[in-house]
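Novice: Model the structure of this input:
(4 chains)
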Number of protein chains: 4
Amino acid sequence: MVKVGIVGGTGYTGVELLRLLAGHGGARIEAVTSRKEAGMKVAEMFPSLRGRVDVAFSTPEEANLKGCDVVFFATPHGVAMAQARELLDAGVKVIDLAADFRLKDPAEFQKWYAMEHSCTDLLDEAVYGLAEVNRDAIRAARLIGMAGCYPTSVQLGLLPLLENGQQLIETDTLIADCKSGVSGAGRKAEVGTLFAEAGDNFKAYGVKGHRHSPEINQGLSAIHGAPVTLTFVPHLTPMIRGIHSTIYARIRPEGRGTDFQKLFEDRFAGEAFVDVMPAGSCPETRSVRGSNIARIAVHRPGNGDLLVILVVEDNLVKGASGQAVQVMNLMFGLPETQGLDVVPLLP
Amino acid sequence: MVKVGIVGGTGYTGVELLRLLAGHGGARIEAVTSRKEAGMKVAEMFPSLRGRVDVAFSTPEEANLKGCDVVFFATPHGVAMAQARELLDAGVKVIDLAADFRLKDPAEFQKWYAMEHSCTDLLDEAVYGLAEVNRDAIRAARLIGMAGCYPTSVQLGLLPLLENGQQLIETDTLIADCKSGVSGAGRKAEVGTLFAEAGDNFKAYGVKGHRHSPEINQGLSAIHGAPVTLTFVPHLTPMIRGIHSTIYARIRPEGRGTDFQKLFEDRFAGEAFVDVMPAGSCPETRSVRGSNIARIAVHRPGNGDLLVILVVEDNLVKGASGQAVQVMNLMFGLPETQGLDVVPLLP
Amino acid sequence: MVKVGIVGGTGYTGVELLRLLAGHGGARIEAVTSRKEAGMKVAEMFPSLRGRVDVAFSTPEEANLKGCDVVFFATPHGVAMAQARELLDAGVKVIDLAADFRLKDPAEFQKWYAMEHSCTDLLDEAVYGLAEVNRDAIRAARLIGMAGCYPTSVQLGLLPLLENGQQLIETDTLIADCKSGVSGAGRKAEVGTLFAEAGDNFKAYGVKGHRHSPEINQGLSAIHGAPVTLTFVPHLTPMIRGIHSTIYARIRPEGRGTDFQKLFEDRFAGEAFVDVMPAGSCPETRSVRGSNIARIAVHRPGNGDLLVILVVEDNLVKGASGQAVQVMNLMFGLPETQGLDVVPLLP
Amino acid sequence: MVKVGIVGGTGYTGVELLRLLAGHGGARIEAVTSRKEAGMKVAEMFPSLRGRVDVAFSTPEEANLKGCDVVFFATPHGVAMAQARELLDAGVKVIDLAADFRLKDPAEFQKWYAMEHSCTDLLDEAVYGLAEVNRDAIRAARLIGMAGCYPTSVQLGLLPLLENGQQLIETDTLIADCKSGVSGAGRKAEVGTLFAEAGDNFKAYGVKGHRHSPEINQGLSAIHGAPVTLTFVPHLTPMIRGIHSTIYARIRPEGRGTDFQKLFEDRFAGEAFVDVMPAGSCPETRSVRGSNIARIAVHRPGNGDLLVILVVEDNLVKGASGQAVQVMNLMFGLPETQGLDVVPLLP
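Specialist: A predicted model of the protein is given here:
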């Protein structure tokens, strides 16, 4: 049994880790820290876990994190980078669900997250936690910076088109028009995500620039082996879970003869958590609700030169905690799908 | 034109007052105070008001509230009682949408609102702002404590049965099972009313005791002229606006021969804002969305001894700001319906 | 492996059976019938099942239902009673999720379901599928009429108070004010349950009389061993899944000294799927979303003579398909909880 | 008073016309037809109209439509074209909210609406009902084909960029990623728009081709005076009302020096129903809920060569019935804004 610690168990990615690990079978939750709620049973805050998770929140001091095999950081940005070094030195693997170890360039981190990076020496070692791209590196890693929710969907949607320096699509006119459920904003008390504000309402945000932009561009460029730039426009949708990314890519003359449906199907044939839908499909977010699966459809309207790629994922699972468990499985030699066979909840 | 000041314009009852007064025709908004947002145009915070409300938030000091004819308090509990005396002395009428002037007994206020009442000398003078019960007193009043959202619906639903000491129903076994949209909790940053918490979810709350209980019992007892006790169980519903109260009343032997449909229709025949639905109806909250109307249906299942009374209102209009405008109209000799002829928004 | 047939797989109870059986481990889906969709893969209609359920819809004629060990009817009322006899004669067990075998009195069935009962000779044999009440009878049964969604929640909420002829509460003034998510109305094309009709809206319905009333009264009377009558008022709530029943019971003088919290805890101590919440709790529907658990809280406001019992369940799981799998487990000697260990999905 | 007839009053555009005309002041509803509901009071079907609209549904035969000044068709496609000739000949003006008179090419109509156009001789005369583009022609018209909901938002968003043959943006790479509330699908009993299907869910649809594509391209080309092609991808959003269009336009070298904010502000300065938001804004759909206003923001991320234009409208008001009343006002010489001064309902 993998001994697991969770730092920050009161947010949505924390409770989602608990949901998935409760039914995992190969991992045991040793500690869930929350300075504010220390002493309270986790299941008292989240009654959905009654009878399934018996642990109580503990202070970071009480929690024997160094005795764990792996520690997940389900915390605000900036927490993991302060503790990662000590844990790694103690032989504990670290999986950060926040942004501390996503961006390779500390200047970019500082620009977008408005704080100095306090642990730059680990940035090179940190592996970007997108299993479909970095599976081997993840298996060997001690420290993972998990992919963000939007970036996961966008990178999966463009992976078959950009990998290996292929010249199928233009790489400087890409657009990702993304729509997220409100849980993506986290379990923080804020006016903008109140039910009476975000309900029955739709809006774009972050059009001028969003933190996930540099992450997406870094990831796509790494996949492509050359610079890729994408315009990213996120929108807030009145639903709880789910991301729907609508990606627009212009086909290059070299790409016109490609069978894109086949390209996608071939690329993801061996991937347990990426489902290429039949040609002509429009995947719904609810078709992955609660599960670690991303579903992708690729369209070429009017057989023209624009590809429209539709990607759905559950932002809290494939976009966060489920993918983190997938990564943990890889790091500890467990079956990649262990604990992640939840059938999506529909309706 | 009635010169209007609004203290606390950043919450839902504040913006709702602005929506209604923008189209009123007989009132002019002189000042909207918010210490925190002073200087910002109201329509910048609430773009729905662009082109309709040109005023900016001001500090209480800048705002010439004493130059107004009436000041609405759309504030947290405790604010109005600190300022009412000074305004009244300056000849300004005061309409408080919070609870400061609802309960006649300061001990009850302190018990339920966890603060001492700082203005007990005005409690006797204050008129309870439920026009259908206190119309004449409101016309003559300087100071109004507006009825709460739940209490409005429950009192209207029981008014024909209890008025004038009638002995139609038992007065010690009354139950009001009430359901409110999330806007009833206000525009405060709180975890419990986040979209991802309150959405797709239903729960009771305050079963042990809710602030509106003493208000309801005080109001019903005043209507009846004798003590009335009611068990009040509120529930949170995943919708933005609307209250649905399902009220259960046991018919006394003396009441068995009553034509309750006729009783309700007769009682509310002259009321512009209470609509008795045809026999057998189940009113929907959306049928009053955005309007000052309460719709009521009275059922007697199986012709037995239990009455089931259904009441719907928009908690922000008839349950708060619309009713406050209705009261203002009465206080200033305007037509009671002025500015309140909005047709409900359906769907 | 139990060989399972499902008649009527295109509705919500059908797809929910498929979700649960896909992860069951002790049952194999042999056939899912739908005359209209015959030939289509189940996962084409419900992409949430892609990769998990490989079967296609078949016509009733093609489906070898007589070769199954058990057949679930997830059909409109009236279908199961036409086919049950033939299946039972072939040695197949039958679990009907509709109402055909719920009511013992065929005249009551005809009154409420507007059709003659065509299989009255099986009504005596049929066991009412509420495991917490009829566990032993279910184990021995060939034919089950599953409890309805509302009746399940109401009966569980009153079970500890009424069992064994106890005289703790009045049995002629009971009230159940119930609120259901919209999936309770089924996956039928109807105007009233469109998103734009049922969204952001709340209403009562069936106040004059609802089909679940006779079922509830029959069930409670059987539990109590004497006639029990309850006023049942259902409401439609803008959420997808979930039932919240608020039950009001007047305490008899004999019951005043009872420790109701303990009574409930003791009664359900051994029940895997009934969770008595700590005193003072208000369970949320989302705390059981997707799971077979009902959570119950019992309140006695002001220590008076009225009990307020709060019950939440997922109407499609404990209120329908999950409970049907629970019953199947009992009928085939499997662990009662097999396939039903889904952790609720929150948020 | 303009005498108004409405053909098809049971759908959302019909009831929305009734809501707006109830408070119009310059129009009187003479007849609302519905063969199916003839004899029923309109307010019985839509209790939101109780006390405001007293008319009953009538059959087309009973309704004296030829005695009206104007008849609105709030019907499925194909109805208006069968009746328009006769009404026009009787001197009645016709405003069709469906698609019968939108497309100038009957072959296109037949292709997208799967029916032959039975009234092609009126296609030339019919004026496209988008007041901001065709105001003068509308004033003089007898027959209007109202703009569709999506096309209204897309054309308004691109109007300042394309008018008068300007060469500011590329006209062959335009993309409109549009999101609509569920009421856009109408008040028809269909599985796909049930609350339990469309709620808490997001999906694209019609990616292969949508009826509004030829309308958008026809409209933009007319505005531009040269062919314009746009890729249109609609999405279904779990909200009741509202359209949010995110439009992507590549700036030509000739356009790089343009002050786009000013261009938009200048173009719409005199338009009562188009509100250009301050630079940097992201308009919300709720900011126009219930009102005839479209709000637009124009962004140029990173000061690059891609314009991102955000447009919000209420699909049932500016996208349908409100705009139709606006057009009626123009046709009858009334103030363009009469009856359309509803303040948006927020929250």
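
Novice: and residue A:134, helix, strand or coil?
Specialist: The three-state label given to residue A:134 by DSSP: H, G, I helix; E, B strand; the rest coil is helix.

Novice: Could you report the neighbour count for it?
Specialist: Here the number of neighbours of residue A:134 (other Cβ atoms under 10 Å in any protein chain shown) works out to 20. To be clear about C-beta, it is placed using only N, CA and C from the backbone, and glycine gets the same treatment.

Novice: With residue A:10 instead?
Specialist: 21.

Novice: Can you tell me the SS state at it?
Specialist: On the basis of three-state DSSP, residue A:10 is classed as coil.

Novice: and it, what does it touch?
Specialist: By Cβ atoms under 8 Å, 6 or more residues apart in numbering or on different chains, the contact set of residue A:10 is A:34, A:36, A:37, A:45, A:57, A:187.

Novice: how many neighbours does the spatially closest residue to residue A:28 that is not a sequence neighbour have?
Specialist: Nearest in space to residue A:28, with sequence neighbours left out and distances taken as Cβ to Cβ, 6 or more residues apart in numbering or on different chains, is residue A:1 at 4.5 Å. The number of residues packed around residue A:1, counting by other Cβ under 10 Å, is 10.

Novice: now residue A:1: how far from residue A:29?
Specialist: 10 Å (Cβ to Cβ, to the nearest Å).

Novice: With residue A:160 instead?
Specialist: For residue A:160, the distance to residue A:29 (Cβ to Cβ) stands at 37 Å.

Novice: where does the residue nearest to residue A:120 when sequence neighbours are not counted land on pLDDT?
Specialist: Spatial nearest neighbour of residue A:120, chain neighbours left out: residue A:106 (4.7 Å); criterion: Cβ to Cβ, 6+ apart. Residue A:106 carries a pLDDT score of 96 in this model.

Novice: and the helix or strand hosting residue A:158, what does it pack onto?
Specialist: Using DSSP states H and E, residue A:158 maps to helix A:149-162. Contacts defined by 3 or more Cβ pairs under 8 Å, 6 or more residues apart in numbering or on different chains; DSSP states H and E place helix A:149-162 against helix A:131-140, strand A:174-180, helix A:212-224, strand A:230-236, strand A:243-250, helix A:260-267, strand A:294-299, strand A:306-313.

Novice: Does anything pack onto the longest one? Which helices or strands?
Specialist: In terms of contact count using 3+ Cβ pairs under 8 Å, 6+ apart, helix A:212-224 is assigned the packing partners helix A:106-113, helix A:131-140, helix A:149-162, strand A:230-236.

Novice: Which residue, neighbours along the chain excluded, lies closest to residue A:295?
Specialist: residue A:283 (4.0 Å).

Novice: and the stretch 101-250 of chain A, which residues reach chain B?
Specialist: Within the stretch 101-250 of chain A, the positions adjacent to chain B are A:181-183, A:185, A:187-191, A:193-200, A:238-240 by Cβ under 8 Å from any Cβ of the partner chain.

Novice: which of those count as buried?
Specialist: When these are checked for burial by 16 or more other Cβ atoms under 10 Å in any protein chain shown, the buried set is A:181-183, A:185, A:187, A:193-200, A:238-240.

Novice: still on that earlier bit, just the ones of the contacts of residue A:10 in helices?
Specialist: Among the contacts of residue A:10, the residues falling in helices (DSSP state H) are residue A:45.

Novice: what's the closest of the contacts of residue A:10 to residue D:273?
Specialist: residue A:187 (39.2 Å; Cβ to Cβ).

Novice: how about that closest one, what does it touch?
Specialist: Per Cβ under 8 Å, 6+ apart, neighbours of residue A:187: A:10, A:11, A:12, B:191, B:194, B:196, B:197, C:347.

Novice: For chain A, list the residues in contact with chain C, please.
Specialist: Close to chain C, as judged by Cβ under 8 Å from any Cβ, chain A has residues A:12, A:15, A:19, A:22-23, A:46-52, A:183, A:187, A:199-200, A:240-241, A:275, A:277, A:281, A:283-284, A:286-291, A:293, A:295, A:316, A:341-347.

Novice: Give me the buried entries from those.
Specialist: Buried among those by 16+ other Cβ under 10 Å: A:12, A:15, A:19, A:22-23, A:46-50, A:52, A:183, A:187, A:199-200, A:240-241, A:275, A:277, A:281, A:283-284, A:286-291, A:293, A:295, A:316, A:342-347.

Novice: Tabulate the contacts of residue A:187 (CSV), appending pLDDT and distance to residue C:228.
Specialist: Formatted as CSV, the contacts of residue A:187 follow (pLDDT from 0 to 100; distance: Cβ to Cβ, whole Å):
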residue, pLDDT, distance to residue C:228
A:10, 95, 43
A:11, 96, 46
A:12, 98, 43
B:191, 97, 40
B:194, 98, 40
B:196, 98, 40
B:197, 98, 37
C:347, 97, 37
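
Novice: export these to CSV and tack on distance to residue D:331?
Specialist: Compiled in CSV, those are given as follows (distance: Cβ to Cβ, whole Å):
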residue, distance to residue D:331
A:10, 60
A:11, 56
A:12, 53
B:191, 53
B:194, 47
B:196, 47
B:197, 49
C:347, 50
